[in-house]
Structures are given as structure tokens and as C-alpha cells.
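S.K.: Mind looking at a prediction? Sequence and model below.
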Amino acid sequence: MEASPTIDSLITKDRMRVDVVVAFFVRVKPSVEGIATAAQTLGQRTLSPEDLRMLVEDKFVDALRATAAQMTMHELQDTRENFVQGVQNTVAEDLSKNGLELESVSLTNFNQTSKEHFNPNNAFDAEGLTKLTQETERRRRERNEVEQDVEVAVREKNRDALSLKLEIEQQEAFMTLEQEQQVKKQNAKIAAFEAERRREAEQTRILAERQIQETEIDREQAVRSRKVEAEREVRIKEIEQQQVTEIANQTKSIAIAAKSEQQSQAEARANLALAEAVSAQQNVETTRQTAEADRAKQVALIAAAQDAETKAVELTVRAKAEKEAAEMQAAAIVELAEATRKKGLAEAEAQRALNDAINVLSDEQTSLKFKLALLQALPAVIEKSVEPMKSIDGIKIIQVDGLNRGGTAGDASAGSVSGGNLAEQALSAALSYRTQAPLIDSLLNEIGVSGGSLAALTSPLTSTTHVAENVE
């Protein structure tokens, strides 16, 4: 027999309510006495499970309540086997009276009753509700503490992890910076080493160039010395040749003098006197030439010594010359600046004098100078004023006889084109396209010239030219 009733909640020892689902498996005792007792007490109900369930259900409920009242809710949960054993022990005696025995008990569901089923007006429920509230609040506080502790622990862990991460990044940055500094130091050492090598190479090159220059200077000095020695030897030979020639001439003169002495005693005396005079003169000449040869020799030796000294101090002289050249250049710049200043002062003084001279001129003279200047600029003014005429592609001349006949030609400045031949009329019409015509006509009127037509423009040129020549 199996029964799985859902009964009302049970009240435990600690006044808590629990909901349980229990399955009871009941059978008739397998003995003659048990069968007889069951038949005697139950009769036909043994053939109907529902009738049998109704008979034993109250006994089971009573056993459940009695056993639950002896245990707390936590004990029921933790020691279910004790709870089941207690129920079995409680109902075993009652079942045996009907020839039945409890085969087994199965606790299929166990849970606390929901809080809304507690009745605050019931003493048991009020006590249990208080404990339930205390327990749930305590557990909630503990859970909150655990959650907060967990959150704090997580945040502390995150903080520690972040701190460790930042520390690692800082160490990596320091390592990178240190490595970069080491690389920079190494590069600086390499650069210094290369600079030292370049300096040594440059010193070696300069020393080699200096040795080459010294060798070249020694070679040039040797060449100059040989040249001076050769020139000296040539000069000595020339002097010796001159001396031989002079001696020959003297010998010849002596021979001639001796022959002349044999011819005539009178002439001999005269020739002797003449020979003595010539001899004296030749001796003087010989002495002079010998002195000149000695002087040339001394001059050559002095020149050679001076040349050697010049080469020995060539670098010093060159540096001194460059310094003097720089000083001279600086002095020249200063003199040029001073000359420029004086020139500016002179030009300013000349302009002031010119302005003073112009200021003392009379009005007629000033007007005349203005007109002369305007006449000099007149060709350029006319050329610029007729620039728009270059844009005229062509001029068509249409002549109608009979118009304007007998009438006045009008003022030329008013733009009339009557009078003159066709070419003059066409040119006068084109002059109406001048730029800045009022301003130019006003300037031309200052010198008595009208720009309205070709005839008016050219009529006063001859007279004006004569006036300009007279003024000059």
C-alpha cells in the first residue's frame, strides 16, 4: 500500500512551519496472526485502497506532527533518516493492531512554508515568524557582508592588479628609458670616436700637406739658388770677357802709340800724352767696370739671401699681408661709407642751393621753367594719352557733301572734326578717345596748346621752340 498525501505544514520544535511530502508503504503482516487480525479489524476495506488510506491517514499525520514537534527545522533537514525512523516507530504499534506493518517511509519533499502562510495572531506562528525574520535578516546581513567583502576583495584585487600593472609598466618604461639612454651614450661614444678619428685624419692630412709644401719650398729655393749661381757665373764670364777685350784694346793702343812714336818725335810726344790720357781713361773705365762687376756680384748675393729669407718667412709674410689686406679693406669700407655720407651731404647741399635759386626766381621765370619742362615731357604725355587708339582696328570715312556748309567750324576743343583734309579730320576724331583728356588738355592749355585736333595740337610747336631757344 502506498500513500502520498500533501498535508498541512508541520510545526517544528523551534516553532517553524515546514511543508513535507511523505510516501507511506503499508502491507498486511505476512503471518497467520497478522492476516487474521487484518481480516478481523478491517474486513472488506482491505480490498479498497481508498478506504484503507482514509483509515490510516490520520495515524500517519499524527505521527508526522508528533515527530516534527520533537525536532527543529534544521535537524529535520540535516537528519532526515532520524525523522523517518521516528515516524515509523510512532505508527508501527497502531498499524500492528490492524494486522498491518509499515514497509517503508519516503520523504520526497521538504521545505520551509512560505512566509505569507504564517499567521501573526497565532502564538506559534508569531514565534516562528520572529525567528524566521531574525534568521532571514541575519542571513541577509551575512550575505550582504559576504557580498560586500567579496566586492571589496574584488576591488582590492583589481586595485592590486592595477597597481602591479602600473608598476610593471613603469618598470618597462624605466627599462626602455634606460635602454634609450644607453643607446644614446653608445651613440655619443661612437660619434666621439669617429670625431677623434676624423680629427686625427685631418691632422695627418694637414701634416702631409705641410711636408709637401715644405718640400716644394725647398725645391723652389734650390732651383732659385742654382739659377742665381748660373747667372753669377755668366756675369763673371761676361766681366772676364770685357776685361780681355779691354786688355786687347789697351795693347793695340800701346802698339799704335809705339809705332806713332817712331814716325815722329813730336807726334810721339803728343801721342804719348794722348796714350797716357787714353790709358788713364781706360784705367778709370776698367776700375769702374770692375767695381760694377763687384757690385753686381754683391747685389746677386744679397738678392739670393733676400730670396732665401723671403721664402723662410713666406707664411708669416702671407699672414701679415692678409691681415693688412683685411685692415685695408675695413679702412676702405669706412672711407667708402664716409665718402657716401659726404656725397649725400653734398647732394643735399646742392639741392638746397638749387631750391634757394628756384625760390628767388620771379613768377614769370618759374612759369617759363614749368612750360619748358612740360614741353620736354610733351611727346611722352601725348604718346601715353593716345594709347587707346591702338585698340582701333580701322576707321571708315563717310563724307556727305552739303552738311555743315557755311557754318562755323566751332571750337576745336569741343571735339569738332570739320575743316582740313580727310586724314586730319579722321585723326582729330580719333583724338577724342584719349585717356585723361581733361587733365591733359588743361596741361596743354598752360603752354598755349589745344589737344582737340591735330592742327590745334601742332600749331604752336614752332613758336614755342623759338621761345625755348631764346630762353636758353
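M.R.: Everything's here; your move.
S.K.: Tell me where the model's unsure across the stretch 351-472 of the chain.
M.R.: 354, 357-365, 384-441, 443-444, 446-472 (pLDDT under 70).
S.K.: Identify each buried residue in stretch 144-158, please.
M.R.: Within stretch 144-158, no residue counts as buried by 16 or more other CB atoms under 10 Å. (Each C-beta comes from the backbone N, C-alpha and C, glycine too.)
S.K.: next one: stretch 234-245
M.R.: In stretch 234-245, counting by 16+ other CB under 10 Å, buried: Ile239, Gln242.
S.K.: got the residue ranges for the strands in this protein?
M.R.: 2-3, 10-11, 17-28, 100-112 (DSSP state E).
S.K.: Output these as a markdown table; include the columns mean pLDDT.
M.R.: Output for the strands of the chain, formatted as a markdown table (pLDDT from 0 to 100):
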| stretch | mean pLDDT |
| --- | --- |
| strand 2-3 | 36 |
| strand 10-11 | 85 |
| strand 17-28 | 83 |
| strand 100-112 | 81 |
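S.K.: Dump those into CSV; add distance to Glu196 as well.
M.R.: Listed next are these as CSV, based on distance: least, CB to CB, whole Å:
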stretch, distance to Glu196
strand 2-3, 108
strand 10-11, 102
strand 17-28, 97
strand 100-112, 93
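S.K.: from these, which stretch is densest packed?
M.R.: Among the strands of the chain, ranked by average contacts under mean count of other CB atoms under 10 Å, first place goes to strand 10-11 (a mean of 22).
S.K.: which residues are in contact with stretch 37-51?
M.R.: The contact list for stretch 37-51 (CB atoms under 8 Å, 6 or more residues apart in numbering) reads Met1, Val28, Lys29, Leu52, Leu55, Ser96, Lys97, Asn98, Gly99, Leu100.
S.K.: Start and end of it, how far apart?
M.R.: 17 Å (CA to CA, to the nearest Å).
S.K.: Any buried residues in it, and which?
M.R.: Thr37, Ala38, Leu42, Arg45, Thr46.
S.K.: What's the separation between Ala373 and Val381?
M.R.: 11 Å (CB to CB, to the nearest Å).
S.K.: likewise Asn98?
M.R.: Distance of Asn98 to Val381, given as CB to CB: 155 Å.
S.K.: Neighbour count: the two, which is higher?
M.R.: Set Asn98 next to Val381 and count neighbours by other CB atoms under 10 Å: Asn98 wins out with 22 against 16.
S.K.: what comes up buried for stretch 80-88?
M.R.: Neighbour-count burial for stretch 80-88 flags Phe83, Val84, Gly86, Val87, Gln88 (criterion: 16+ other CB under 10 Å).
S.K.: Just the closest of those to Asn122, please.
M.R.: Nearest to Asn122 among the buried residues of stretch 80-88 is Phe83, at 23.6 Å by CB to CB.
S.K.: Give me the pLDDT for the closest one.
M.R.: If you check Phe83, the pLDDT there is 85.
S.K.: out of the contacts of stretch 37-51, which is most surrounded?
M.R.: Leu100 (26 neighbours).
S.K.: Beta-bridge partners for that one, please?
M.R.: Going by DSSP bridges, Leu100 is paired in beta bridges with Val28.
S.K.: I'd guessed it sits against Val28; true?
M.R.: Yes: contact criterion CB atoms under 8 Å: Leu100 and Val28 qualify, at 6.0 Å.
S.K.: Find residues that contact each of these two.
M.R.: With CB under 8 Å, 6+ apart as the test, Leu100 and Val28 both reach Gly34, Ala38.
S.K.: tell me the domain ranges of the chain?
M.R.: What automatic domain parsing lists as the domains of the chain is 2-113, 141-311, 313-360, 368-394+412-471.
S.K.: Over the second one, what's the mean pLDDT, rounded is fine.
M.R.: This points to domain 141-311. On average, the pLDDT along domain 141-311 is 81.
S.K.: thinking again about what came up before, same list, the buried residues of stretch 80-88, but as a markdown table with distance to Arg15 please.
M.R.: Putting those into a markdown table (distance: CB to CB, whole Å) gives the following:
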| residue | distance to Arg15 |
| --- | --- |
| Phe83 | 17 |
| Val84 | 22 |
| Gly86 | 19 |
| Val87 | 20 |
| Gln88 | 25 |
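S.K.: Which of those residues fall within helices?
M.R.: Counted as lying in helices by DSSP state H, out of these, are Phe83, Val84, Gly86, Val87, Gln88.
S.K.: residues touching the last one, list them.
M.R.: This points to Gln88. For Gln88, the contact set (CB under 8 Å, 6+ apart) comprises Leu102, Val105.
S.K.: repeat for the fourth one
M.R.: The contact partners of Val87, taken as CB under 8 Å, 6+ apart, are Val22, Phe60, Ala63, Leu64, Thr67, Val105.
S.K.: try 6 Å
M.R.: Ala63, Leu64, Thr67, Val105 (CB atoms under 6 Å, 6 or more residues apart in numbering).
S.K.: what's the answer for the first one, then?
M.R.: When contacts are counted by CB under 6 Å, 6+ apart, Phe83 touches Thr67, Leu76.
S.K.: can you do 7 Å?
M.R.: Contact analysis of Phe83 by CB atoms under 7 Å, 6 or more residues apart in numbering lists Thr67, Met71, Leu76, Leu107.
S.K.: Please tell me I have it right and the last one contacts Arg80.
M.R.: Yes: when contacts are counted by CB atoms under 7 Å, Leu107 is listed as touching Arg80 (5.5 Å).
S.K.: Tell me the one of the buried residues of stretch 80-88 nearest Ala195?
M.R.: Of all the buried residues of stretch 80-88, Phe83 has the smallest distance to Ala195: 98.1 Å, by CB to CB.
S.K.: Next one: the closest one from Leu102, what distance?
M.R.: When distance is defined by CB to CB, Phe83 is 14 Å away from Leu102.
S.K.: Then Val146?
M.R.: 44 Å.
S.K.: Give me the neighbour count for Gly344.
M.R.: Using other CB under 10 Å: Gly344 sits among 10 other residues.
S.K.: ok, now Glu200?
M.R.: 10.
S.K.: cool, and the one 4 residues further on?
M.R.: As a burial measure, the neighbour count of Thr204 was computed by other CB under 10 Å and equals 10.
S.K.: Compute the distance between it and Arg197, please.
M.R.: Thr204 is 10 Å from Arg197, by CB to CB.
S.K.: Where is the longest helix in the chain?
M.R.: Counting residues, the longest helix found in the chain (DSSP H) is helix 123-263.
S.K.: helices or strands up against that helix?
M.R.: Using 3 or more CB pairs under 7 Å, 6 or more residues apart in numbering; DSSP states H and E, the elements in contact with helix 123-263 are helix 265-312.
S.K.: what residues are up against Thr113?
M.R.: Taking CB under 7 Å, 6+ apart as the contact definition, Thr113 lies against Ser9, Arg17, Val18, Asp19.
S.K.: Not counting residues beside it along the chain, what's closest to Glu101?
M.R.: Nearest residue to Glu101, sequence neighbours excluded (CB to CB, 6 or more residues apart in numbering): Lys29, at 4.9 Å.
S.K.: so that neighbour makes contact with Leu102?
M.R.: No: contact criterion CB under 7 Å: Lys29 and Leu102 do not qualify, at 10.6 Å.
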